[in-house]
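*Asks:* Requesting a structural model of the entry that follows:
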Amino acid sequence: MQLKTVLPFLNWFPMSAQTVRADLIAGLTVTLVLVPQSMAYALLAGLPVVYGLYAALLPVIIGSLFGNFKLLHTGPVAMLSLMSAAAIVPFAVAGSEHFIELSIMLALMVGVLRLAMGVFKLGGLVSLVSHPVIVGFTNAAALIIGLSQLRFVLDMPSPATGSFAGDLWSLFMQLENAHLGALAFGIGAALLILALQRFAPRFPAVMTAVVIGTAVSASVGFEHNETVEPVAILDTAIQEQIRELAGIRKNIKQGMEGIADRNVELSKARSAGATVSELARLQADVDVMRVGIEALRKQSGQLNLAIHGTPLARADTPQGAVFYRAGQAPAGVTASPEIWRFQNVKDGKVTVAAGGAVIGKIPEGLPAFKAPSLHWDLIWALFPAAFVMALIGFMEATAITKALATKTRERIDTSKELVGQGLANIAGSFFQSYAVAGSFSRSAVGARAGARTGLFAVISVLGVVATLLFLTQYLYHLPQAVLAAIVMMAVFGLIRIKPLIHAWSVQRSDAIAGLVTFVATLALAPQIANGILLGIALSVVIFLLRTMKPRVEVMGIKADGTVGGVKTHGLEPVGENFVAMRFDRSLNFLNVAAFEDGVLEVLARYPRVKGILVIGSGINEMDASGEDKVRELTLRLRESSVELMFSSLKAPIEKTFQRSGLSELLGHDNLFVSKAAALSAARHRFDLPPKVDMMIIERGVQ
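*Replies:* Sure, this is the predicted structure:
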């Protein structure tokens with residue numbers, strides 16, 4: 001084995017000064033996108049922004065060093081961020097320590113699966129999904145990801161209805177409670193990015209939006225909140241709602257702990273060889289608890305939204321600040337001009353805000369080595385999501401590499417790329433990274449900036465290192481609405497309608513599969529992994545149906561002497577006492593019934609037939625079932641004094657005929673190299689005199 005196969009980065013060398021300069025410029029350019037995107041995608045994954053920066057460190061380097069394509073930039077991506085959050089939310093509260101641990105463990109699982117797929121050369125698994133299904137899923141996921149950021153742009157709490165459509169509707173119904181300042185930051189950032197991308201495409205639009213947004217936020221004091229005791233809320237009804245919300249959240253936390261304990265019990269019961277009924281009872285308990293927690297989450301989300309929707313005013317008293325319903329100032333209290341809203345209740349304290357949400361304090365320093373916490377009770381529960389994430393993330397990376405490889409004229413080995421992506425996730429999980437994949441936007445930026453080797457990705461990490469070591473304090477005032485706008489601008493560009501329209505004109509069943517995947521992904525959100533699984537199943541079913549219904553058509557001679565279908569062109573069969581038929585599919589267990597039906601239909605339609613010629617140029621493969629069916633039909637037809645003949649067989653099929661003894665059974669006078677030879681021989685054998693001058697050289701089957 002060559003050393004460059006094990007260490008792909010050796011292909012970067014030797015480097016010229018020009019190459020290093022090009023990679024340096026490209027790397028610094030990508031840094032300006034990598035830093036803000038990483039923070040934005042971490043919020044999408046339900047994590048503190050610092051974990052996005054952690055995911056933009058070692059995984060980027062490892063993916064570049066051990067990946068197959070030198071221009072692929074690995075790191076946090078929107079799709080996997082959303083899928084990671086959706087997979088873990090049923091088992092932990094977003095942002096909690098347990099949630100973070102599960103996110104990192106999920107990254108390890110994704111990495112191991114990708115590495116295994118690469119080692120066992122399973123890169124071809126991406127072929128399981130048709131292009132229209134990928135487009136349908138991507139379009140739906142882009143909509144879900146983009147619109148899921150709407151609550152940050154409006155600065156409203158998550159409705160947590162359990163469905164994508166329900167969340168959108170709840171936000172829409174309370175638009176009057178949106179924070180106008182946050183909305184202004186979000187729209188302003190989006191317009192700035194659009195303007196720079198159009199009029200100054202080489203300018204770092206995303207980083208510019210972050211810098212300007214942070215500076216404006218700090219200068220106007222965008223973050224303006226206070227944490228007080230519940231008694232500072234003078235309205236007893238609101239106090240009661242806050243206490244109820246705190247109680248629900250406590251019950252959710254206890255319920256999650258109960259599920260964790262029951263999962264451990266279930267795991268031990270499996271190891272101890274418990275009976276099926278006992279395992280079923282324990283699993284049923286877990287399922288019931290999850291349903292209860294989901295109901296509590298919905299109740300918590302709606303109650304949180306309702307409390308937030310009650311505008312408050314603030315007043316200073318000798319005892320401290322108090323808050324009351326806007327427009328209902330207590331006697332002797334001067335009305336506050338600002339509108340305050342409930343934000344959170346934690347550890348018995350209530351946070352209210354008149355300003356908007358910012359990302360706040362980011363821990364300084366690089367992540368330390370820490371082995372992922374393995375929650376064995378949840379590994380199997382998270383396995384389906386990990387598998388889909390491994391597949392989807394790799395499909396995304398494959399699409400990127402193939403798109404860019406057409407320009408660089410490089411050959412892509414998908415299995416080797418799987419190894420690089422797997423190692424990136426595994427190594428990252430030991431340094432507090434969540435799941436990563438290849439990024440289309442950053443890879444494209446690097447390619448446009450002139451990157452020559454994977455060194456550009458390594459250089460891009462330097463900006464993240466500098467941010468974590470020296471710049472975190474300056475990012476405190478970055479509005480979350482700006483990060484939300486960055487995510488929305490990135491994913492809405494992934495929406496493509498034309499491929500589905502084109503698929504409809506080419507093969508409607510494929511287009512329908514893409515549309516079904518699109519609708520299912522939207523309907524099943526936030527569990528979007530189920531949408532792509534449905535799409536994969538639909539693709540396989542459509543493929544099987546096509547395979548089971550191959551083209552089987554009786555052939556005739558057209559006026560110009562070429563051979564064409566009798567039904568398609570309204571022709572007469574090629575002979576009076578023999579029929580030529582075309583079979584366009586591999587002859588295997590899936591379609592032997594269709595082949596037999598075609599032969600029997602010929603016998604029924606043409607009772608005088610003495611010979612049936614199968615034009616086999618479309619037969620690419622034949623399995624044992626196909627061979628057995630040909631043998632059976634040959635013997636059955638001979639009992640009725642009908643000969644079965646074959647022409648135009650490809651070399652592998654000819655060898656199969658010879659090895660299996662079919663050639664001997666059929667007889668060499670029933671096997672022909674070409675259609676012309678077969679038709680001429682059959683006419684002289686079964687039809688006298690010839691019906692058509694078969695000396696006309698045919699120009700192909702239509």
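
*Asks:* confidence score at residue 375?
*Replies:* pLDDT for residue 375: 88.

*Asks:* ok, it - contacts?
*Replies:* 101-102, 105, 260 (Cβ atoms under 8 Å, 6 or more residues apart in numbering). Glycine gets a C-beta too; all of them are placed from N, C-alpha and C.

*Asks:* Looking at those residues, which two lie furthest apart in space?
*Replies:* Farthest pair in the contacts of residue 375 (Cβ to Cβ) is 105 and 260. Separation: 13.1 Å.

*Asks:* out of these two, which sits in the more crowded spot?
*Replies:* residue 105 (22 against 17; other Cβ atoms under 10 Å).

*Asks:* and residue 655, how many neighbours does it have?
*Replies:* 12.

*Asks:* if I look at it, how far off is residue 572?
*Replies:* 35 Å (Cβ to Cβ, to the nearest Å).

*Asks:* what's across from the nearest residue to residue 601 once chain neighbours are set aside in the sheet?
*Replies:* Ranked by Cβ to Cβ, 6 or more residues apart in numbering and with sequence neighbours excluded, the top spatial neighbour of residue 601 is residue 552, at 8.0 Å. The partner list for residue 552 in beta bridges (DSSP bridges) reads residue 583.

*Asks:* which residues sit in contact with residue 552?
*Replies:* Counted by Cβ under 8 Å, 6+ apart, residue 552 has contacts 581-584, 594-595, 597-598, 601.

*Asks:* Of these, which qualify as buried by neighbour count?
*Replies:* 581-583, 594-595, 598 (16 or more other Cβ atoms under 10 Å).

*Asks:* so residue 76 makes contact with residue 43?
*Replies:* No: contact criterion Cβ atoms under 8 Å: residue 76 and residue 43 do not qualify, at 10.6 Å.

*Asks:* Looking at those two, which one has more neighbours?
*Replies:* With neighbours defined as other Cβ under 10 Å, residue 76 and residue 43 compare such that residue 76 has more, 32 against 23.

*Asks:* Just list the residues touching the more buried one, thanks.
*Replies:* Applying Cβ under 8 Å, 6+ apart to residue 76 gives the contacts 37-38, 41-42, 45, 52, 55-56, 434, 436, 439.

*Asks:* Quick check: mean pLDDT of the helix ranked longest in the chain?
*Replies:* Ranked by residue count, the top helix of the chain under DSSP state H comes out as helix 236-271. Helix 236-271 shows a mean pLDDT of 89.

*Asks:* same thing with stretch 440-453?
*Replies:* The average pLDDT for stretch 440-453 rounds to 87.

*Asks:* What is the burial count for residue 506?
*Replies:* 9.

*Asks:* Got the phi and psi for the closest residue to residue 605 other than its chain neighbours?
*Replies:* Leaving aside its chain neighbours, residue 605 sits nearest to residue 554 (7.7 Å; criterion: Cβ to Cβ, 6+ apart). Phi and psi for residue 554, reported as degrees, to the nearest 10, are phi -70, psi 140.

*Asks:* same check, this time on residue 622
*Replies:* phi -140, psi 130.

*Asks:* do the same with the one 4 residues further on
*Replies:* Taking degrees, to the nearest 10, you get phi -70, psi -40 for the backbone angles of residue 626.

*Asks:* which residue packs closest to it, ignoring adjacent ones?
*Replies:* In space, and not counting its chain neighbours, residue 626 is closest to residue 587: 3.4 Å by Cβ to Cβ, 6+ apart.

*Asks:* who's in contact with the one you found?
*Replies:* The neighbours of residue 587, taking Cβ under 8 Å, 6+ apart as the test, are 595, 619, 621-623, 626, 629-630.

*Asks:* Please produce a markdown table containing the residues you listed, extended by pLDDT, secondary structure and distance to residue 167.
*Replies:* What follows is these, written out as a markdown table (pLDDT from 0 to 100; DSSP: H, G, I helix; E, B strand; the rest coil; distance: Cβ to Cβ, whole Å):
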| residue | pLDDT | secondary structure | distance to residue 167 |
| --- | --- | --- | --- |
| 595 | 92 | helix | 52 |
| 619 | 91 | coil | 53 |
| 621 | 90 | coil | 49 |
| 622 | 93 | strand | 53 |
| 623 | 93 | coil | 50 |
| 626 | 93 | helix | 52 |
| 629 | 93 | helix | 55 |
| 630 | 94 | helix | 58 |
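
*Asks:* of those, buried ones?
*Replies:* 595, 619, 622, 626, 629-630.

*Asks:* Those: which two are farthest apart?
*Replies:* Among these, 619 and 629 lie farthest apart (Cβ to Cβ), at 12.3 Å.

*Asks:* Residue 191 and residue 120: what is the separation?
*Replies:* According to Cβ to Cβ, residue 191 stands 48 Å off from residue 120.

*Asks:* residue ranges of the strands in this protein, please?
*Replies:* 73-75, 225-228, 312-317, 320-325, 341-346, 349-353, 437-439, 551-557, 563-565, 578-584, 611-615, 643-647, 671-672 (DSSP state E).

*Asks:* closest to residue 28 out of these?
*Replies:* strand 73-75 (13.2 Å).

*Asks:* what sits up against the closest one?
*Replies:* Outside of strand 73-75, the residues within contact range by Cβ under 8 Å, 6+ apart are 30, 34, 37-38, 55-56, 59-60, 62-64, 67, 397, 420-421, 424, 436-439, 442-443, 446, 456-457, 460.

*Asks:* what's the model's confidence in that strand, averaged?
*Replies:* On average, strand 73-75 scores 93.

*Asks:* Could you do stretch 118-136 as well?
*Replies:* 79.

*Asks:* Check stretch 13-21 too.
*Replies:* For stretch 13-21, the per-residue pLDDT averages 90.

*Asks:* So which bits of that stretch are buried?
*Replies:* For stretch 13-21, using 16+ other Cβ under 10 Å, the buried residues are residue 19.

*Asks:* which residues touch the residue nearest to residue 434 when sequence neighbours are not counted?
*Replies:* Leaving out its chain neighbours, the residue that sits closest to residue 434 by Cβ to Cβ, 6+ apart is residue 103, at 4.3 Å. Counting by Cβ under 8 Å, 6+ apart, residue 103 touches 45-47, 51, 84, 88, 434-435.

*Asks:* quick one: which of these is most hemmed in?
*Replies:* Highest count within the contacts of residue 103 by other Cβ under 10 Å belongs to residue 435, 33 neighbours.

*Asks:* That residue is in contact with residue 110, isn't it?
*Replies:* Yes: assessed by Cβ under 8 Å, residue 435 is found in contact with residue 110 at 4.8 Å.

*Asks:* Now do the shared contacts for the two.
*Replies:* Both residue 435 and residue 110 are contacted by 80, 389, 393, 425, under the criterion Cβ under 8 Å, 6+ apart.

*Asks:* which one in those residues is the model shakiest on?
*Replies:* residue 393 (81).
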